[in-house]
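*Asks:* Need the 3D shape of this:
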Amino acid sequence: MHLPQQLRSVAGVGIVAGLLVLIAPGDALAQRVLHVPSEYPTIQAGIDAAETNDTVLVAEGSYEGKGFVNLDFRGKAITVRGENQSVRIWDSKGGDGVRFVSGETSESVLDGIRFELYGGLGLRIENSSPTILNCRFEGVEVPPLVQLRRTYLMFEHEEGVVLIDQHSAHERVLFEQFMGTLQRGEAPAQRLLFPMTLSIT
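*Replies:* Purely as a prediction, here's the structure:
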């Protein structure tokens, strides 16, 4: 179809405007950065307010008390990051550092925070596989650990005894690492020495 120059110009503007309308909603989906403590008083408050892909950024400094220990990601795919890896969480009342107990995946990231905990556990992970980067856990209570037949690890838990198959645990670690590289598009690949022809029907 041939249109006069003026109509073509108008049609072009209409197309551009339509694209702008389509692109604009994408801005609402942009990742947010939630600042602690300037916007949210505690890390847990930031976590509670965060949505998928958001980052809770904790300012440099030392923190203690409710909302900074016994942190719970609540199954969210978010990142909690200490600014410049200079964030210290301190507790002497038996609190845990972070709990991943709601099926968190590798998209739940804890990065750049040092925990000094006396009487509690640094991490409590149950049926979850979070990503932990650049974190330190000091003064953490470590339960007695026993190795059985060079295969099993057994240690005491508040609800009884925990038995871990080292071989299965190692396979799970490798699996999570492999899935992480796939999700990030970093899976290694190598060309075949001799090309192979595949017939696809």
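*Asks:* only C-alpha atoms for contact and neighbour calcs from this point on.
*Replies:* Fine.
*Asks:* quick one: the helices in this structure?
*Replies:* With DSSP state H applied, the chain shows helices at 5-28, 43-49, 166-183, listed in chain order.
*Asks:* just checking, which of these comes out with the lowest mean pLDDT?
*Replies:* Ranked by mean pLDDT, the helices of the chain bottom out at helix 5-28, with a mean of 40.
*Asks:* Which pLDDT value does the model give G120?
*Replies:* At G120, the pLDDT value in this model is 73.
*Asks:* wait, it sits on D96?
*Replies:* Yes - counting by C-alpha atoms under 8 Å, G120 touches D96, with 4.8 Å between them.
*Asks:* Pull the number of nearby residues for R74.
*Replies:* For R74, the count of nearby residues is 15 (other C-alpha atoms under 10 Å).
*Asks:* Tell me how this structure divides into domains.
*Replies:* Structural domains annotated on the chain: 28-142, 143-185, as defined by automatic domain parsing.
*Asks:* looking at those domains, which is buried most?
*Replies:* Of the domains of the chain, the one with the most neighbours on average (mean count of other C-alpha atoms under 10 Å) is domain 28-142, at a mean of 18.
*Asks:* Compare the domains of the chain and say which comes out lowest on pLDDT.
*Replies:* Among the domains of the chain, domain 143-185 carries the lowest mean pLDDT (a mean of 77).
*Asks:* now L133: how far from T181?
*Replies:* Distance of L133 to T181, given as C-alpha to C-alpha, to the nearest Å: 15 Å.
*Asks:* And for V56?
*Replies:* Taking C-alpha to C-alpha as the measure, V56 falls 23 Å from T181.
*Asks:* Over to T79?
*Replies:* 18 Å.
*Asks:* Please apply the same query to D54.
*Replies:* From D54 to T181 the distance is 21 Å (C-alpha to C-alpha).
*Asks:* For the residue nearest to F178 when sequence neighbours are not counted, grab the count of nearby residues.
*Replies:* What sits nearest to F178 in space, not counting adjacent residues and going by C-alpha to C-alpha, 6 or more residues apart in numbering, is A187, at 7.4 Å. Neighbourhood size, A187 [other C-alpha under 10 Å]: 12.
*Asks:* same deal with P195?
*Replies:* For P195, using other C-alpha under 10 Å, the count is 7.
*Asks:* Backbone dihedrals for it, both of them.
*Replies:* When quoted as degrees, to the nearest 10, the phi and psi of P195 stand at phi -60, psi 140.
*Asks:* excluding its backbone neighbours, what's nearest S129?
*Replies:* Of all residues not flanking S129 in the chain, T105 sits nearest, at 4.9 Å (C-alpha to C-alpha, 6+ apart).
*Asks:* does that neighbour really touch T79, like I thought?
*Replies:* No - look at T105 against T79 with C-alpha under 8 Å: they stay out of range, at 11.6 Å.
*Asks:* Now do the shared contacts for those two.
*Replies:* Counting by C-alpha atoms under 8 Å, 6 or more residues apart in numbering, T105 and T79 have no shared contacts at all.
*Asks:* Alright, I will stop here.
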